[in-house]
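In: Here is a sequence together with a model predicted from it:
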Amino acid sequence: MPELQVVLGASGGAGSAVVREMAARGHPVRAVSRSGHGVPLPGVSYLRADATSPSGLRDVCQGASAVYHCVNVPYRMWTTHLLPIADAIIEATASAGAKLVVMDNLYMYGPVDKPMTEETPRTAGGKKGRLRAALEQRLLEAHRTGKVRVAIGRASDFLGPRANSAPMFLVVEPARAGRTASWVGTLDAPHTLSYLPDVAWGLATLGEHEEALGEVWHLPAAPPLTGRQFIAMVFQELGRPARMRVIRRPMMVVASLFSPTIREALEVFYQFDRPFVMDAGKFARRFGSRVTSHQDAVRATITFSDRASTRPN
């Protein structure tokens, strides 16, 4: 009998993709977000809850077989919110006796000179990277002590429906609007992009396998491509000549004087001025792999955006 799955952060890119994946697998899904709204899907109920409220989260997690932590907040709120949110979710999941599957990123590794694996040292020097490393320690300690069973899935920059990422707001959105696309650092360094439906498949797979618990897993993604290749692919799909420019560090430094968001992004400039490649071999060897081609991912992303832009407010 299909078991109840609870998705926290269900209105975001990763969360909404997990909701769709779980519904497609035939599970009843409780999709939880601050708004409590979402696209109607068979077996999916939408609930409203605050991820910082332990009591509210306990209520929505009761009866779940697995809880998927896809909650995120803007950069400016990471320091004050990420660890308290994780603690509240750990408590709620433990109260329900459910497994906890966590959506994570690659910030804790810091600058690298080779493909990142799950064994790559956590050497990030910036505050966001150190915070993500602390979050990993908090989650795995909860697993080691027997408080809650945890699996962590990691992905690179998102591409796809509802993705909130640099590739989306630097490339896809400007290209669709007929403007010049931008890329940070250099156009010619390989960079892993993670397509959200593939991310959701990977997280769901972790939730279905007991042997995934207690470990970190890099989720399968298509082979890395350069910013130049990605931009050309987006414009080709739109049927327009490619227009691109590079945002170099001095430009970001000047812009950061006027934009808190850019000021925060400076910490992770290194992710774009050199190769930034994720190795998901560990996952593929254990669970297999399902990866969408970049061409199909770009096409689906643009098509979704077209549909979304025509929906009434």
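Out: Yep, that arrived.

In: And stretch 257-273, what's buried?
Out: I262, R263, E264, A265, E267, V268, F269, Y270, Q271, F272 (16 or more other Cβ atoms under 10 Å). Yep, even glycine has a C-beta here, placed from its N, CA and C like the rest.

In: wait, isn't the first one in contact with A255?
Out: Yes: using Cβ atoms under 8 Å, I262 is in contact with A255, at 4.7 Å.

In: Tell me which stretches of the stretch 151-300 of the chain form helices.
Out: 166-167, 173-176, 196-208, 227-238, 249-256, 260-265, 281-287, 294-309 (DSSP state H, counting those that start in this stretch).

In: of all those helices, which lies closest to C70?
Out: Between C70 and the helices of the stretch 151-300 of the chain, the tightest spacing by Cβ to Cβ is seen for helix 196-208, at 8.0 Å.

In: Show me what that closest one is packed up against.
Out: Judged by 3 or more Cβ pairs under 8 Å, 6 or more residues apart in numbering; DSSP states H and E, helix 196-208 is in contact with helix 13-24, strand 66-69, strand 99-104, strand 149-154, strand 157-159, helix 281-287.

In: got JSON lines for the buried residues of stretch 257-273, with pLDDT too?
Out: JSON lines is the format used below for the buried residues of stretch 257-273 (pLDDT from 0 to 100):
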{"residue": "I262", "pLDDT": "89"}
{"residue": "R263", "pLDDT": "90"}
{"residue": "E264", "pLDDT": "90"}
{"residue": "A265", "pLDDT": "90"}
{"residue": "E267", "pLDDT": "94"}
{"residue": "V268", "pLDDT": "94"}
{"residue": "F269", "pLDDT": "95"}
{"residue": "Y270", "pLDDT": "96"}
{"residue": "Q271", "pLDDT": "96"}
{"residue": "F272", "pLDDT": "96"}
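
In: ok, T205 - contacts?
Out: A212, F287 (Cβ atoms under 8 Å, 6 or more residues apart in numbering).

In: distance of it from A92?
Out: 23 Å (Cβ to Cβ, to the nearest Å).

In: try F269
Out: Taking Cβ to Cβ, one finds F269 at 36 Å from A92.

In: Likewise for A297?
Out: For A297, the distance to A92 - Cβ to Cβ - is 33 Å.

In: for R243, same thing?
Out: 47 Å.

In: was I right about A297 contacting A163?
Out: No: A297 lies out of contact with A163 (Cβ under 8 Å); the separation is 10.2 Å.

In: between the two, who's got more neighbours?
Out: A163 (26 against 22; other Cβ atoms under 10 Å).
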